[in-house]
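In: turn this into a model:
(2 chains)
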Amino acid sequence: MRAVLLKDLKVSFLWLSGVALLYLLTAVSVSRSGRAFFWLGICLVAALVATVPALEWRFEAERFVCSLPVARATVVRARVAAALLGAGVGLALWLASGFAFEAVLSRPASFATSWASLEGILAFCLSAVVGIALFLPCYFRYGLGKGSGVFALLAIALAGAIVTIAPVVIGAGAGAWQPADPTEVLRRIVAGGRARIGAPGTALVAIAGCVVLVWASIRLSSAFYRRREL
Amino acid sequence: MTSGAASQAPGAARHAGDADPILEIHALRKSYGDFTLRDASFSVPRGYIMGLVGPNGAGKTTIVKLLLNLIRRDAGEIRVFGLDARQEEVAIKARIGFVHERPAFYEHVTVAGMGEVAAPFYPDWDRALFRRLAAEFDLPLHKRVGALSRGMRTKLALALAMAHHAELLVLDEPTSGLDPVFRRELLERLSAYIQDGKRSVLFSTHITSDLERIADYVTFIREGRVMFSTTKDQVLERWGIVKGGPEMLDADTRRFFKGVEASTVGFTGLTDDLEAARRRFSGAGVVIERASLEDIMVYLGKGCEATRTCERCC
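Out: The predicted structure follows:
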């Protein structure tokens, strides 16, 4: 797995740096809205995660990689590890830029209290992990082109389901609560958990959920990739 | 390095070099939409070059892809170094060097960078050898792969394949896209590569002159079937071309051949038994000559549907 990770880093380092720079440039203007800034952070993670698959797709290098002495299951595990690392880097960059912009530009408004809170960070992590867990099996099954299309459809369906079902499940008795996007739902779920089992308990439950999701994603991705013909 | 092998029965696929095979393929089957690789069987002995020859679409690349587990086989067995190619994939690939038909790399990476990319995957990677090969192949180490011509990419693929002291080189159409000078140099290099008797080369091509120059064994594949697998010398000794007038080409004569091309002025027939052809057509005013691999590729199976001899040669 180390060899695959090293290879991914070598071939994508410049591109990843470019993605980070592009994020920072975009973030200046997007930081006016806390929600838009949140989604820009998620887009940053998506770009970091998709960079290596995009390079392999663009240069048709997958056949080369799979001809090297590495099992496909190892490629999957390495890609998942790289994706989680990308999510971590994305979160760090998002938090750092959020704090910096708030200090210098006074925006996003109340970033430290509202978005850099347990609710905001867990919502960010859950969104990123769900996205990664959903994207990778699609990518390994269909390749980047068709896989991205299938992922987009699934993501839209999932977001729609969350936004539609959440008011019924969570918002019962809360009046006419209508979530603007899944982020709001996630933040409310985290807030509810915090009220019931405390912050550490909520974090643990979220981490456990992420582990299960990632494990399922690895299993599914490995099965798909083993069957994929290159 | 060419050695003898058991004589072959007409139309039968047979195994070349049964002693100490480095690669054994048995009853390999793979179906796509309109193509089926049918029970391909052959073996590559250690210390020899095996040419996998056949027209475009015959199934050569399919065999190479199956060997590297890039596609899944429907049935059959592949053993490399005595190990199952699926179960021991990583261990086997660490000892194999490969060159794909259209080598694809990360185009923004330099030649030297590709060496650095591949190195961690191979326990026996030899950095100095890679640099030496790059120099010998005139590959500029600091040039981006995207700026290389097709021939230069093939050279890079060869350098990557050889730089970890691979015991088996699997080359899929490596000479297409190469200039004649380097093509000849490559063939000489491949001949030298196996001289220690421990390494082998599986060389897929439709450029038959390359095989005539260096191959010890030839596996001929056509429409997904292995037609024969034997020593090159045996092929060149036994297969022949018979050219005669149109009046000689009756149904019985047609059946004698593995393939016939007929016109109003005469016929050209392909036989896998040159001696029998000489006995049969002696004094009949025909021209009999040895068949080249290209002759076999061109004439094998030609016109056989009309004479219902497909079960013999197809």
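In: can you give me the neighbour number for residue 119?
Out: Using chain A here. Counted with other CB atoms under 10 Å in any protein chain shown, residues neighbouring A:E119 total 23. Heads up, the C-betas are built off the backbone N, CA and C, glycines and all.
In: the chain in question should be chain B.
Out: Around B:A119 there are 18 residues (other CB under 10 Å).
In: how much space is there between it and A:Y225?
Out: Noted for B:A119: a distance of 24 Å to A:Y225, by CB to CB, to the nearest Å.
In: before we move on, what about B:A166?
Out: Going from B:A166 to A:Y225 by CB to CB gives 25 Å.
In: kindly report the same for A:V104.
Out: Distance of A:V104 to A:Y225, given as CB to CB: 45 Å.
In: ok, those two, which is more surrounded?
Out: Taking other CB under 10 Å, A:V104 and A:Y225 do not tie; A:Y225 has more neighbours (22 against 10).
In: isn't B:I207 right up against B:T175?
Out: Yes. Between B:I207 and B:T175 there is a contact under CB atoms under 8 Å: 5.7 Å.
In: ok, the two, which is more surrounded?
Out: B:T175 (23 against 18).
In: phi and psi next, for that one.
Out: phi -90, psi -10 (degrees, to the nearest 10).
In: same question, B:F267
Out: phi -140, psi 160.
In: my read: it touches B:D250, true?
Out: No. The criterion here is CB under 8 Å, and B:F267 misses it with B:D250 at 10.7 Å.
In: which of these two has more neighbours?
Out: Between B:F267 and B:D250, counted using other CB under 10 Å, the more crowded position is B:F267 (21 against 8).
In: would you map the helices across chain B?
Out: Ranges of helices within chain B are B:60-67, B:89-93, B:111-118, B:127-136, B:150-162, B:180-193, B:208-214, B:232-238, B:251-256, B:274-281, B:293-299, B:304-307, B:310-313, based on DSSP state H.
In: just so I know, which of those helices lies nearest A:E184?
Out: Closest of these to A:E184 is helix B:111-118, at 43.2 Å (criterion: CB to CB).
In: for the stretch 51-200 of chain B, what lies in contact range of chain A?
Out: When proximity is defined as CB under 8 Å from any CB of the partner chain, the stretch 51-200 of chain B approaches chain A at B:65, B:68-72, B:89-94, B:96, B:98, B:100, B:103-109, B:113, B:116-118, B:120-122.
In: which residues touch B:F137?
Out: Counting by CB atoms under 8 Å, 6 or more residues apart in numbering or on different chains, B:F137 touches B:M152, B:K155, B:L156, B:L158, B:A159, B:F182.
In: out of the residues you listed, who has the most neighbours?
Out: Most surrounded of those: other CB under 10 Å gives B:K155, at 27 neighbours.
In: could you check how far the closest residue to that residue other than its chain neighbours is from chain A?
Out: Nearest residue to B:K155 in three dimensions, chain neighbours excluded: B:F137, at 4.1 Å (CB to CB, 6 or more residues apart in numbering or on different chains). Taking CB to the nearest CB, to the nearest Å as the criterion, B:F137 is separated from chain A by 18 Å.
In: how about B:F137, phi and psi?
Out: The phi/psi pair for B:F137 (degrees, to the nearest 10) is phi -90, psi 10.
In: how close does it get to A:E229?
Out: Distance from B:F137 to A:E229, by CB to CB: 31 Å.
In: and if you look at B:R132?
Out: 36 Å.
In: now A:A166
Out: Taking CB to CB, one finds A:A166 at 40 Å from A:E229.
In: can you check A:V52 too?
Out: 21 Å.
In: ok, those two, which is more surrounded?
Out: Neighbour tally, A:V52 and A:E229, criterion other CB under 10 Å: the higher count belongs to A:V52, 26 against 9.
In: so what's B:A58 closest to, chain neighbours aside?
Out: Leaving aside its sequence neighbours, B:A58 is closest to B:I221 (4.6 Å, by CB to CB, 6+ apart).
In: can you give me every residue that contacts the closest residue to B:L160 other than its chain neighbours?
Out: Nearest residue to B:L160 in three dimensions, chain neighbours excluded: B:A118, at 5.2 Å (CB to CB, 6+ apart). Contact partners of B:A118, counting by CB under 8 Å, 6+ apart, are A:L68, B:W125, B:L160, B:A163, B:H164.
In: got it, and A:L91?
Out: Contacts for A:L91 (CB under 8 Å, 6+ apart) come out as A:G41, A:V45, A:I121, A:F124, A:C125, A:A128.
In: which pLDDT value goes with B:M152?
Out: At B:M152, the model reports a pLDDT of 90.
In: likewise for A:G34?
Out: Model confidence at A:G34, expressed as pLDDT, equals 83.
In: ok, now how distant is A:F37 from chain B?
Out: 31 Å.
In: for chain A, which spans come out with low pLDDT?
Out: A:171-177 (pLDDT under 70).
In: please redo it, this time with the cut-off set to 80
Out: A:107-110, A:112, A:114, A:166-183 (pLDDT under 80).
In: enumerate the residues of it near chain B.
Out: Taking CB under 8 Å from any CB as the contact definition, chain A meets chain B at A:2-3, A:6-7, A:10-11, A:14, A:55, A:59-61, A:63-64, A:66-71, A:74, A:227, A:229-230.
In: which of those residues are buried?
Out: The neighbour-count test (16 or more other CB atoms under 10 Å in any protein chain shown) marks A:3, A:6-7, A:10-11, A:55, A:59, A:61, A:63-64, A:66-71, A:74, A:230 as buried among these.
In: show me those that map onto helices.
Out: Applying DSSP H to these, the entries found in helices are A:A3, A:L6, A:K7, A:K10, A:V11, A:L55, A:F59, A:R63, A:F64, A:C66, A:S67, A:T74.
In: tell me the contacts of the nearest residue to the third one once chain neighbours are set aside?
Out: In this case it means A:K7. Leaving aside its sequence neighbours, A:K7 sits nearest to B:V117 (CB to CB, 6+ apart; 5.0 Å). The neighbours of B:V117, taking CB under 8 Å, 6+ apart as the test, are A:K7, A:K10, A:V11, B:Y106, B:V109.
In: from A:L40, how far out is the third one?
Out: Computed with CB to CB, the distance linking A:V11 and A:L40 is 25 Å.
In: could you say which helix or strand holds the residue nearest the centre of chain A?
Out: In chain A, the residue lying closest to the centroid (CA atoms, centre = their mean) is A:A128, at 2.0 Å. Using DSSP states H and E, A:A128 falls within helix A:118-169.
In: chain center to that helix, what's the gap?
Out: In this view, helix A:118-169 has its centroid 8 Å away from the chain centroid, taken as CA atoms, centre = their mean, to the nearest Å.
In: now swap in stretch B:139-153 and tell me
Out: Distance of stretch B:139-153 from its chain centroid, counting by CA atoms, centre = their mean, is 26 Å.
In: picking that back up, mind putting the ones in helices among the buried ones among the residues of chain A next to chain B into TSV with distance to B:E77?
Out: Below are these laid out as TSV (distance: CB to CB, whole Å):
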residue	distance to B:E77
A:A3	28
A:L6	34
A:K7	31
A:K10	36
A:V11	35
A:L55	35
A:F59	33
A:R63	23
A:F64	26
A:C66	21
A:S67	20
A:T74	24
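In: tell me the two of the residues you listed that are most distant?
Out: Pairwise distances across these (CB to CB) peak at 20.6 Å, for the pair A:F59 and A:T74.
In: OK, contacts around B:I92?
Out: Applying CB under 8 Å, 6+ apart to B:I92 gives the contacts A:P69, B:V80, B:F81, B:L83, B:A85.
In: how close does it get to A:V49?
Out: With distances taken as CB to CB, B:I92 is found 31 Å from A:V49.
In: ditto for A:F38
Out: A:F38 is 17 Å from A:V49, by CB to CB.
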